[in-house]
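# Predicted model and sequence follow; I will ask about them next.
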Amino acid sequence: MYFLDASGRIDWMNHRAIEFFGDLVGQPYTAAIAARSHDVARETFTKKVSSGVPETHEDGYARRADGSELLARFHAITVYDEGKQAVGVFGVVDTDRSNPACAGEAAASKLTPREREILVLMSQGYGTRRIAEKLHIQEVTVRNHTSRILGKMGVNSKLAAITTFLTGRAPQ
């Protein structure tokens, strides 16, 4: 998992990403992408922060810490501030090619339609307030649904729920 700021610099990586890519915090996101995938990665990043594309799932080549390249699927969501401006991109790199892009469907199968709707909005970068506004419900109702989502998915954070939904696997 990683977080890129709006300029494309890597702002945060979890320990698994650091093991895979090396510690790239402070470097441009292209440091983790093989050269042959740079053009698609740049186009996708620009769509997210400039054009408001909320979510992408792109295949490309990742560059590992040892310099080797591996085909991967890059799942990413745009993160917005309260003023609805893109402030960055949160993402997960899936290197398990047997795992389809929609593998998170199984993890979300226990959810009610409303809980699923809220999980999808969370995965698109919406915060509690924006979800409440979009669905015309109270923020406390969104928080209650979120709590039930976490319980049903067997995770303890929104980030883990989103990761599980996007990749089909809980974060480690």
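Good, I have the coordinates. Residues are numbered from 1 along each chain as shown.
# And the pLDDT at G168?
Looking at G168, its pLDDT reads 66.
# Now do E43: how many residues are near it, please.
E43 is flanked by 11 other residues according to other C-beta atoms under 10 Å. To be clear about C-beta, it is placed using only N, CA and C from the backbone, and glycine gets the same treatment.
# Find the helix or strand that it is a member of.
Assigned by DSSP states H and E, E43 falls within helix 38-50.
# And that helix, what does it pack against?
strand 55-63, strand 69-80, strand 86-94 (3 or more C-beta pairs under 8 Å, 6 or more residues apart in numbering; DSSP states H and E).
# Reformat these as a markdown table; add distance to Q27.
Output for the helices and strands packed on helix 38-50, formatted as a markdown table (distance: least, C-beta to C-beta, whole Å):
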| stretch | distance to Q27 |
| --- | --- |
| strand 55-63 | 11 |
| strand 69-80 | 16 |
| strand 86-94 | 15 |
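# so which of the ones you listed gets nearest H145?
Proximity to H145 (C-beta to C-beta) singles out strand 69-80 among the helices and strands packed on helix 38-50, at 18.5 Å.
# Can you mark which positions in stretch 135-152 are buried?
For stretch 135-152, burial by neighbour count (16 or more other C-beta atoms under 10 Å) applies to 135, 142, 145-146, 148-150, 152.
# mind listing the helices for the chain?
15-21, 38-50, 104-107, 113-123, 128-135, 139-153, 158-167 (DSSP state H).
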